[in-house]
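Q: Output the structure for:
(chains A and B)
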Amino acid sequence: SQQGEEDPQALSIQEGENATMNCSYKTSINNLQWYRQNSGRGLVHLILIRSNEREKHSGRLRVTLDTSKKSSSLLITASRAADTASYFCATDLNQAGTALIFGKGTTLSVSS
Amino acid sequence: GAGVSQSPSNKVTEKGKDVELRCDPISGHTALYWYRQSLGQGLEFLIYFQGNSAPDKSGLPSDRFSAERTGGSVSTLTIQRTQQEDSAVYLCASSLLGQGASPLHFGNGTRLTVT
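A: Here you go, the predicted model:
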């Protein structure tokens, strides 16, 4: 399988702490995307990082990409209860080269 | 529209019945995807449409599943003779570019329950 694998599967932290989620993949990629999903809702795109980029920021989010290790990390700084959600990375395309393949996600719980 | 719209939001059906799920993508988006998500799981790819090209149906789990996209816009996913294992949330997404080159915009999904 070429899908990304998120780690850890579940993460519980206190408000104000930082949360780090990791994604590993198996083959070369053109870009990697991170998504968030609140319970019972669709996925929301967070960040797209291209293979020639090493780091990208968006507000309290920081994504890094290490193509030599085939891994990416999503850091959420100064977490809030509203950050409670599942986070998914999407890396490779399926064999037909059309659709993104998603991992099983990391479930983040932020308690106040 | 402002985003991807899916209907119905919830559907309860009896085993053996047919169901139709609808997706209205963002205007101007050429790529449209259907995924399926079972409870606590990741997304399972079902089918992909890009412009006038033949759809990628490689993810459809059986011949009971089919989808069409009329006029390059609205898409309908049909499940015939539903089974209990078809129960899941069906998510539709559209993107400006295909093949993962641009962000996917997801609808809120249709939660299908087969009794």
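Q: Report the residue spans of the chain with pLDDT below the cut-off.
A: The chain I'm using is chain A. A:1-4 (pLDDT under 70).
Q: Correction: the question concerned chain B.
A: Judged by pLDDT under 70, the stretches of chain B that qualify are B:1.
Q: As PDB, could you dump the C-alpha coordinates of the host helix or strand of residue A:73?
A: Using DSSP states H and E, residue A:73 sits within strand A:71-76. Output in PDB follows, covering the C-alpha atoms of strand A:71-76 (Å, rounded to 0.1, in the frame of the first residue of the first chain):
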ATOM      1  CA  SER A  71       7.800  11.600   6.500                       C
ATOM      2  CA  SER A  72       5.900  14.700   7.400                       C
ATOM      3  CA  SER A  73       4.800  16.300  10.700                       C
ATOM      4  CA  LEU A  74       2.000  18.600  11.600                       C
ATOM      5  CA  LEU A  75       2.500  20.800  14.600                       C
ATOM      6  CA  ILE A  76      -0.300  22.700  16.200                       C
END
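Q: Who are the packing partners of the helix or strand that it is followed by?
A: Toward the C-terminus, strand A:71-76 is succeeded by strand A:85-93 as the next helix or strand (DSSP H and E). The contact analysis (3 or more C-beta pairs under 8 Å, 6 or more residues apart in numbering or on different chains; DSSP states H and E) places strand A:85-93 against strand A:5-7, strand A:19-24, strand A:31-37, strand A:71-76, strand A:100-102, strand A:106-111. Using the backbone N, CA and C atoms, a C-beta is placed for each residue, glycine as well.
Q: If we use 10 Å, what do you get?
A: On a contact count with 3 or more C-beta pairs under 10 Å, 6 or more residues apart in numbering or on different chains; DSSP states H and E, strand A:85-93 meets strand A:5-7, strand A:19-24, strand A:31-37, strand A:43-50, strand A:71-76, strand A:100-102, strand A:106-111, strand B:43-50.
Q: tell me the angle of the fourth one relative to strand A:71-76?
A: Spelled out, it's strand A:43-50. 130 degrees (axes from the mean of the first three to the mean of the last three C-alpha atoms, to 10 degrees).
Q: Most proximal residue of chain A with respect to chain B?
A: Per C-beta to the nearest C-beta, residue A:42 is where chain A lies closest to chain B, at 3.4 Å.
Q: So which residues make contact with the helix or strand that contains residue A:65?
A: Assigned by DSSP H and E, residue A:65 belongs to strand A:61-66. Residues outside strand A:61-66 that contact it (C-beta atoms under 10 Å, 6 or more residues apart in numbering or on different chains): A:18, A:20-24, A:29, A:31-34, A:36, A:46-57, A:71-77, A:83, A:89.
Q: sorry, back to before: ok, and which of the helices and strands packed on strand A:85-93 has the densest surroundings?
A: strand A:100-102 (a mean of 25; mean count of other C-beta atoms under 10 Å in any protein chain shown).
Q: Does it reach chain B?
A: Yes - for strand A:100-102, a contact with chain B is found by C-beta under 10 Å from any C-beta of the partner chain, at A:100, A:101, A:102.
Q: packing partners for that strand?
A: By 3+ C-beta pairs under 10 Å, 6+ apart, strand A:100-102 packs against strand A:31-37, strand A:85-93, strand B:31-37, strand B:43-50.
Q: Tell me which other helices or strands the third one touches.
A: With contacts defined as 3+ C-beta pairs under 10 Å, 6+ apart, the packing partners of strand B:31-37 are strand A:100-102, strand B:19-24, strand B:43-50, strand B:65-69, strand B:75-79, strand B:88-95.
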